[in-house]
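Colleague: this is a predicted model, with the sequence first.
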Amino acid sequence: MSNETVIQISKATIFQENNPVVSDVNVEIKKGEFVYLIGKTGSGKSSLLKTLYGELPLKQGTGSVAGFDLTTLKRKDVPFLRRKLGIVFQDFQLLSDRSVYENLRFVMKATGWKNEDEIRKQITEVLNEVALSGKGEKMPFELSGGEQQRVTVARALVNNPEIILADEPTGNLDPETSQEVMTLLLSIAKSGTAIVFATHDFILYNKYPARTLKFENGKISELN
């Protein structure tokens, strides 16, 4: 079902506080698509991502993400929306006082997983998927930057999300490690998870061409 739409935004204006950041937003993203968001800092990439994961309300226009209507989304529904999403940040945002395993378990418990055997099985699978088998007991500080970012990708995968939102995920990584993370995310897209990837990294962008939405002068345009 590769034609299944997982993100749909129509005639929307994205606001930060009460200031419009991007207007006339019309975006449709399907299952398994890999889509770049490019544009200068402050052009609205992060604001769009925050709107998609329920951090910023959609005040104008219509939108749905993973079956959730953003225009009627209540605060209490945000955790349910986020179970359908994986989010990868530039600065990892791992809990430094817990092992890799406990970082993943924490997210799973927070999103409603109860059975410890199922949690263990899922964590083992996602660590395997991101090539970190056997690293579950390591603490974040014992890992390289690239390994830490792979943990954040694993954390994004634990709920088998329909969509992964990645905000400058290679921003703190060296070029070689950036390519490893990129290859990993592209393979995840091939397995059916849509990836929305905000980046400044033009070396990476040119090396791995994909559908691109450009943010400029308060508007989003599709680059061919």
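Modeller: Received it, and whenever you're ready, just let me know what you need.
Colleague: for stretch 155-175, which residues meet the burial criterion?
Modeller: Neighbour-count burial for stretch 155-175, counted by 16 or more other CB atoms under 10 Å, picks out 155-159, 161-170, 172-173. In this view, the C-beta of every residue, glycine as well, is placed from N, C-alpha and C.
Colleague: what about that stretch, distance to the chain center?
Modeller: Between the centre of stretch 155-175 and the centre of its chain there are 5 Å (CA atoms, centre = their mean, to the nearest Å).
Colleague: show me how this structure divides into domains.
Modeller: 1-84+162-224, 92-160 (automatic domain parsing).
Colleague: quick one: these as CSV, columns for mean pLDDT too.
Modeller: Shown next, in CSV, are the domains of the chain (pLDDT from 0 to 100):
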stretch, mean pLDDT
domain 1-84+162-224, 92
domain 92-160, 93
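Colleague: ok, back up a step: mind checking which of the buried residues of stretch 155-175 land in strands?
Modeller: Using DSSP state E, 163, 164, 165, 166, 167 are the members of the buried residues of stretch 155-175 that sit in strands.
Colleague: could you dump those residues into a markdown table with distance to residue 4 added?
Modeller: Below are those laid out as a markdown table (distance: CB to CB, whole Å):
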| residue | distance to residue 4 |
| --- | --- |
| 163 | 11 |
| 164 | 16 |
| 165 | 18 |
| 166 | 20 |
| 167 | 24 |
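Colleague: out of those residues, who's nearest residue 197?
Modeller: In terms of CB to CB, no member of those lies closer to residue 197 than residue 166, at 4.7 Å.
Colleague: quick one, what contacts the closest one?
Modeller: 87, 88, 185, 195, 196, 197, 198 (CB atoms under 8 Å, 6 or more residues apart in numbering).
Colleague: just put those residues in a markdown table and tack on neighbour count, secondary structure and distance to residue 10.
Modeller: Formatted as a markdown table, these follow (neighbours: other CB atoms under 10 Å; DSSP: H, G, I helix; E, B strand; the rest coil; distance: CB to CB, whole Å):
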| residue | neighbour count | secondary structure | distance to residue 10 |
| --- | --- | --- | --- |
| 87 | 21 | strand | 23 |
| 88 | 25 | strand | 26 |
| 185 | 22 | helix | 27 |
| 195 | 24 | strand | 21 |
| 196 | 24 | strand | 17 |
| 197 | 29 | strand | 22 |
| 198 | 24 | strand | 21 |
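Colleague: bridged to the residue nearest the centre of the chain, which residues?
Modeller: The residue lying closest to the centre of the chain (CA atoms, centre = their mean) is residue 165, at 1.8 Å. Under the criterion DSSP bridges, residue 165 forms beta bridges with residue 87, residue 196.
Colleague: that one contacts residue 84, correct?
Modeller: No - look at residue 165 against residue 84 with CB atoms under 8 Å: they stay out of range, at 11.0 Å.
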